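Peer 1: Just a sequence and a predicted model for now, questions to come.
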Amino acid sequence: MLLDEINKTGDIKNIPQSKYPELAQEIRDFLIEKISVSGGHLASNLGTVELTMALHVVLDLPKDKIIWDVGHQSYTHKILTGRKDKFDTLRQFGGMSGFPKRCESDTDCFDTGHSSTSISAGLGMVKARDLKKEDYTVVSVIGDGSLTGGLAYEALNNAAKLETNFIIILNDNEMSISESVGGMKKYLNSVRTAEGYLNLKEDVYAQLRTNTKVVDNIRRAKNSFKQLFVPGMVFENLGITYLGPVDGHNTAELVKVIKEAKKVKKAVMIHVMTKKGKGYEPAERHPARFHGTEPFIVENGLPRNPRTTSNYQDIFSTVMCKLGDRDDKVVAITAAMADGTGLKRFRNMYPDRFIDAGIAEEHAVTFAAGMAAGGYKPVFAVYSSFLQRAYDQILEDVCLQKLPVVFAIDRAGLVGSDGETHQGIFDLSYLSSMPNMTICAPKNKWELSDMLKFAVNYGAPIAIRYPRGNAYDGLKEFRAPVEAGKCEVIYEEKDICLFALGCMVKIGEEVRQILKDNGFKCTLVNARFAKPIDTDYIHVASSDHKLFVTMEENVASGGLGEKVRAYIDENRLDCNVLQIAIPDKFVTHGNVDKLRKELGIDAQSIADRIMKEIQR
């Protein structure tokens with residue numbers, strides 16, 4: 001096998017060009033085999049095999065630099081840089097990351113995980129290169145979906161001023177996670193279908209290839225042809241040299257165009273056409289489902305472990321559809337995540353009240369603010385780690401005006417295999433710092449339904465955070481009406497009060513049982529609200545509870561525990577506080593249960609800390 005000859009960076013240069021298609025097929029077979037067992041990002045990686053091969057053929061890594069936007073398409077890059085033997089540990093605790101990591105390889109020059117960053121990072125590297133008077137090539141790879149993010153346009157505007165080489169590769173597969181939307185999609189479609197220009201270019205060059213003087217004249221005049229035949233030419237108009245479109249599944253053709261791009265003494269964009277999921281029929285038919293897939297059966301693409309219970313996204317989806325039916329003022333907004341957040345059904349049922357803003361969280365938040373100011377009830381469904389990008393818009397455009405925007409914060413808390421860039425462990429902290437913001441978290445699927453119904457009629461900014469994975473259906477007998485800033489007492493005793501938020505209520509049940517088995521009395525409270533906290537309850541409960549244990553799946557700094565401790569200290573209540581939270585650090589990838597144990601927020605670790613605290 002050709003893959004047996006790829007054991008370190010640069011080995012692909014020894015593979016003859018005639019063998020490129022065979023190597024590409026072996027890489028696809030390898031990816032399908034490994035990801036079917038471990039899970040991971042499949043469709044995006046199958047679509048960029050030949051592109052990655054071409055980059056490795058032309059470039060001299062690690063001297064030259066490749067910045068992968070998002071980085072979920074870097075698996076082939078990992079294979080070609082000597083990491084194929086680590087794929088059995090992909091996204092597992094202590095194993096290989098599913099994203100580029102500088103600590104993992106000197107060929108990973110920039111850590112990525114979120115979208116639209118690669119052009120900015122590449123520009124920075126170009127400037128550093130030129131200031132040091134060094135000579136190497138910098139390539140930023142960005143997808144058409146990521147090109148909907150505003151940061152990418154800020155970087156393109158800056159790149160237009162360059163008078164030195166910088167290569168931008170636009171990987172155009174008509175997809176982000178969901179299908180790409182907006183004006184850039186329409187523009188790229190027009191480029192794809194501009195056959196008059198493309199055919200003319202190829203025919204004329206073929207006919208006059210031997211007449212270099214005529215060809216040179218045509219090259220000098222090519223911008224005029226482009227203006228005639230290709231609508232907009234937005235990149236050329238910005239001042240960025242445009243090459244393409246190029247077949248993204250022809251390695252030899254890609255090698256030629258990348259070599260040509262290296263000669264350009266300015267920013268140059270190579271427009272590469274690829275197919276997401278290329279070479280694996282289930283992924284080609286359902287690229288969104290195979291974006292980040294769980295382990296699957298290779299023969300048919302079906303999950304190895306099909307879900308038998310609803311997850312929180314399913315509950316959110318069902319309730320949103322009911323709310324949309326009952327109230328025509330309810331609108332749903334997503335940032336290219338209709339499938340992931342559970343808004344696909346709402347989109348199908350109420351297309352006029354569904355808005356996909358593209359990968360543009362900042363725009364989505366201010367758009368939601370505008371809709372709220374216009375009398376609607378916008379619900380912005382977004383992953384916790386992606387909402388971080390819109391801090392200023394939440395603060396200035398929503399909270400400052402007290403506009404009734406609902407933030408449905410998906411993947412809050414630990415998400416597991418995607419690692420540092422995707423762990424939703426900061427939202428309580430950054431949202432709590434904002435005046436006029438209310439934050440709540442459901443203990444189970446029933447409470448998510450109740451909180452969402454409460455939120456759309458709340459009349460002020462409100463965030464509901466809920467985790468990834470199966471929705472907890474326990475404690476359904478405890479379903480007190482949702483009241484702003486009020487907690488819910490589950491089990492009431494004395495001495496120790498477990499004050500748990502969201503998914504930590506379930507763990508609180510386990511902690512309470514361990515403590516009871518060891519002879520301790522224990523109250524369990526569903527905090528419900530991280531802001532405002534239920535100070536009335538805390539004040540009363542402090543009289544017969546000597547230890548308040550706050551439990552949250554968020555970093556300690558700025559979280560629920562700090563607020564409870566501050567209130568108890570300020571009011572000089574006779575009660576100690578033990579804060580259970582994630583240490584203030586980035587959390588690596590791995591199974592969520594394993595991570596909880598490592599972080600000391602699993603039931604046994606929490607119970608041990610409580611008993612140690614009591615015995616001090």
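Peer 2: Done, it's in.
Peer 1: partners of residue 311 in the sheet?
Peer 2: Beta-bridge partners for residue 311, by DSSP bridges, are residue 470.
Peer 1: In the stretch 151-300 of the chain, mark out all the helices, start to finish.
Peer 2: Along the stretch 151-300 of the chain, counting by DSSP state H, counting those that start in this stretch, helices occupy 183-192, 195-207, 212-229, 234-238, 251-262, 281-285.
Peer 1: before we move on, what about the stretch 351-500 of the chain?
Peer 2: 361-373, 384-387, 391-393, 427-432, 445-456.
Peer 1: ok, residues contacting the fourth one?
Peer 2: It stands for helix 427-432. By Cβ atoms under 8 Å, 6 or more residues apart in numbering, the residues outside helix 427-432 that reach it are 384, 387-388, 391, 394, 407, 409, 412, 437, 439, 463, 465, 530-531, 552, 554-555, 557-560, 563. Using the backbone N, CA and C atoms, a C-beta is placed for each residue, glycine as well.
Peer 1: Just the buried ones from the residues you listed?
Peer 2: 384, 387-388, 391, 394, 407, 409, 412, 437, 439, 463, 465, 530-531, 552, 554-555, 558-560, 563 (16 or more other Cβ atoms under 10 Å).
Peer 1: I'd like to know which of the residues you listed are part of strands.
Peer 2: Residues of the buried ones among the contacts of helix 427-432 located in strands (DSSP state E): 407, 409, 439, 463, 465, 530-531, 552, 554-555.
Peer 1: Quick check: nearest residue in space to residue 96, chain neighbours excluded?
Peer 2: Computed as Cβ to Cβ, 6 or more residues apart in numbering, the closest residue to residue 96 that is not its neighbour in sequence is residue 86, at 4.2 Å.
Peer 1: State the phi and psi torsions of the one you found.
Peer 2: The phi and psi values for residue 86, taken as degrees, to the nearest 10, are phi -100, psi 0.
Peer 1: residue contacts, it?
Peer 2: Taking Cβ under 8 Å, 6+ apart, we find residue 86 in contact with 78, 95-96.
Peer 1: And the pLDDT for it?
Peer 2: In this prediction, residue 86 carries a pLDDT score of 96.
Peer 1: Same check on the one 5 residues further on?
Peer 2: Per-residue pLDDT puts residue 91 at 94.
Peer 1: residues in contact with the spatially closest residue to it that is not a sequence neighbour?
Peer 2: Nearest residue to residue 91, sequence neighbours excluded (Cβ to Cβ, 6+ apart): residue 417, at 3.8 Å. Residues in contact with residue 417 (Cβ under 8 Å, 6+ apart) are 39-40, 91-92, 98, 589-591.
Peer 1: 10 Å - rerun?
Peer 2: Contact analysis of residue 417 by Cβ atoms under 10 Å, 6 or more residues apart in numbering lists 38-40, 90-93, 95, 97-98, 292, 294, 589-592, 595.
Peer 1: And for residue 102?
Peer 2: Shown in contact with residue 102 (Cβ under 10 Å, 6+ apart): 108-111.
Peer 1: ditto for residue 95
Peer 2: Taking Cβ under 10 Å, 6+ apart, we find residue 95 in contact with 38, 86-89, 417, 588-590.
Peer 1: re the thing from before, from residue 44, how far off is the residue nearest to residue 91?
Peer 2: From residue 417 across to residue 44, the span is 15 Å (Cβ to Cβ, to the nearest Å).
Peer 1: List just the nearest of the ones in strands among the buried ones among the contacts of helix 427-432 to residue 612.
Peer 2: residue 552 (19.8 Å; Cβ to Cβ).
Peer 1: pLDDT wise, what is the closest one at?
Peer 2: What the model reports for residue 552 is a pLDDT of 98.
Peer 1: can you check the one 4 residues further on too?
Peer 2: At residue 556, the pLDDT value in this model is 96.
Peer 1: now swap in residue 236 and tell me
Peer 2: Looking at residue 236, its pLDDT stands at 83.
Peer 1: Pull the number of nearby residues for it.
Peer 2: For residue 236, the neighbour count with other Cβ atoms under 10 Å is 16.
Peer 1: any idea how far residue 239 is from residue 471?
Peer 2: On the measure of Cβ to Cβ, residue 471 and residue 239 end up 51 Å apart.
Peer 1: And the two? Which one has more around it.
Peer 2: residue 471 (22 against 14).
Peer 1: Please verify my assumption that the more buried one contacts residue 319.
Peer 2: No: with contact defined as Cβ atoms under 10 Å, residue 471 does not reach residue 319; the gap is 11.5 Å.
Peer 1: intersection of neighbour lists for the two?
Peer 2: Applying Cβ under 10 Å, 6+ apart, one finds that residue 471 and residue 319 are jointly contacted by 445, 448-449.
Peer 1: Any chance of TSV for these, columns distance to residue 374, pLDDT and neighbour count?
Peer 2: Formatted as TSV, the entries for the shared contacts of residue 471 and residue 319 read as follows, by distance: Cβ to Cβ, whole Å; pLDDT from 0 to 100; neighbours: other Cβ atoms under 10 Å:
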residue	distance to residue 374	pLDDT	neighbour count
445	32	97	23
448	27	98	23
449	27	97	19
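Peer 1: Which of the contacts of residue 102 ranks first by neighbour count?
Peer 2: In terms of neighbour count, residue 108 stands highest of the contacts of residue 102 at 26 neighbours, by other Cβ under 10 Å.
Peer 1: For that residue, which residues are in contact?
Peer 2: Residues near residue 108 by Cβ under 10 Å, 6+ apart: 61-62, 65-68, 71, 74, 77-78, 81, 83, 97, 99-102.
Peer 1: pLDDT value on it, please?
Peer 2: We have a pLDDT of 97 for residue 108.
Peer 1: Now it. Nearest residue, chain neighbours left out?
Peer 2: Closest to residue 108 by Cβ to Cβ, 6+ apart is residue 100, at 4.0 Å.
Peer 1: Can you tell me the closest non-neighbouring residue to residue 83?
Peer 2: Nearest non-adjacent residue to residue 83, counting by Cβ to Cβ, 6+ apart: residue 96, 6.3 Å away.
Peer 1: what do you get for residue 491?
Peer 2: Excluding the flanking residues, the one nearest residue 491 by Cβ to Cβ, 6+ apart is residue 524, at 4.5 Å.
Peer 1: you'd agree residue 101 is up against residue 68?
Peer 2: No: under the criterion of Cβ under 10 Å, residue 101 makes no contact with residue 68, lying 11.2 Å away.
Peer 1: Now for those two: what residues contact both?
Peer 2: Each of 74, 108, 110, 112 lies in contact with both residue 101 and residue 68 under the rule Cβ under 10 Å, 6+ apart.
Peer 1: could you dump those residues to JSON lines with distance to residue 516?
Peer 2: Shown next, in JSON lines, are the shared contacts of residue 101 and residue 68 (distance: Cβ to Cβ, whole Å):
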{"residue": "74", "distance to residue 516": "49"}
{"residue": "108", "distance to residue 516": "49"}
{"residue": "110", "distance to residue 516": "50"}
{"residue": "112", "distance to residue 516": "47"}
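Peer 1: hmm, back to that, got a list of what the residue nearest to residue 108 touches?
Peer 2: 66-68, 70-74, 77-78, 107-113.
Peer 1: try it again with 6 Å
Peer 2: 68, 71, 74, 108, 112 (Cβ atoms under 6 Å, 6 or more residues apart in numbering).
Peer 1: Regarding it, what is its secondary structure?
Peer 2: coil (DSSP: H, G, I helix; E, B strand; the rest coil).
Peer 1: Could you do residue 546 as well?
Peer 2: Secondary structure state of residue 546, per three-state DSSP, is strand.
Peer 1: Show the contacting residues for it.
Peer 2: Contacts of residue 546 were listed using Cβ under 6 Å, 6+ apart, and they are residue 495.
Peer 1: now with 8 Å?
Peer 2: 495-496, 574-576.
Peer 1: and what of residue 532?
Peer 2: Counting by Cβ under 8 Å, 6+ apart, residue 532 makes contact with 438, 484-485.
Peer 1: Drop the exposed ones from the residues you listed and show what's left.
Peer 2: The neighbour-count test (16+ other Cβ under 10 Å) marks residue 438 as buried among the contacts of residue 532.
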